[in-house]
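# Fold the following.
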Amino acid sequence: MNGVAEKINGDSMDAVRTLLLASGLSPGFWGEEFQCYAYARNRLPHSTDKKTTPYEKWYGRKPNISHFRIFGNLCSYHLPKIYRNKLEPVARKGIFVGYAMNTKGYRVSDLEKRKVTKIKHVKFDESVIGVNGKKRSFSDRSLSDNLGVVERRWRTVS
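Sure, this is the predicted structure:
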């Protein structure tokens, strides 16, 4: 019954679907992607007000987006000493699946343990997307630069 809310939900799910397909991750990550999409969308201008972002309206300051990364990027993260012994590697490979809430850091899916972890010290390999190790092409780069914002073009039927 609420057309505006339904359109926002539809557009959001279109963006989530697009980014999941581009990353090669399973549909089981849709919740992580939805949070990542909402985080980015709230820090970018919308079509209703191109001058300010929802974040800026809420907090009264411009958001810092220098930490933005591409959903599904291959990364490695530092494993603190308390979680490893002396002979284990100091880093693990993972896939970037979002931003940590209420703290600085990222959400990373550990490839070995198959568990999502909040972590601060992460190195990203922005040339590789997803678990299949797909190299980014020019078209992938333009998709990620738009942060998954899907533009719909409607045709009128008469």
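
# which stretches of the chain have low pLDDT?
When the per-residue scores of the chain are filtered using pLDDT under 70, the ranges that remain are 130-158.

# what's the following helix or strand after the longest helix along it?
As far as residue count goes, and with DSSP state H defining each element, the longest helix of the chain is helix 3-23. Following the chain from helix 3-23 toward its C-terminal end, the next helix or strand by DSSP states H and E is helix 30-41.

# what packs against the longest helix of the chain?
For helix 3-23, the helices and strands in contact under the criterion 3 or more CB pairs under 8 Å, 6 or more residues apart in numbering; DSSP states H and E are helix 30-41, helix 138-145. The C-beta positions use only the backbone N, C-alpha and C, and glycine is treated the same way.

# For Glu32, see how far away Ser26 is.
11 Å (CB to CB, to the nearest Å).

# which neighbours do these two share?
Listed contacts common to Ser26 and Glu32 are nil; contacts here mean CB atoms under 8 Å, 6 or more residues apart in numbering.

# between those two, which one's more packed in?
Glu32 (21 against 9; other CB atoms under 10 Å).

# quick one: contacts for that one?
So, once contact is read as CB under 8 Å, 6+ apart, Glu32 ends up touching Val97, Gly98, Arg107, Ser109, Val116.

# As CSV, those residues with neighbour count, distance to Thr53 and secondary structure would be great.
As requested, these are arranged in CSV below (neighbours: other CB atoms under 10 Å; distance: CB to CB, whole Å; DSSP: H, G, I helix; E, B strand; the rest coil):
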residue, neighbour count, distance to Thr53, secondary structure
Val97, 23, 23, strand
Gly98, 24, 18, strand
Arg107, 21, 21, strand
Ser109, 20, 28, strand
Val116, 17, 26, strand
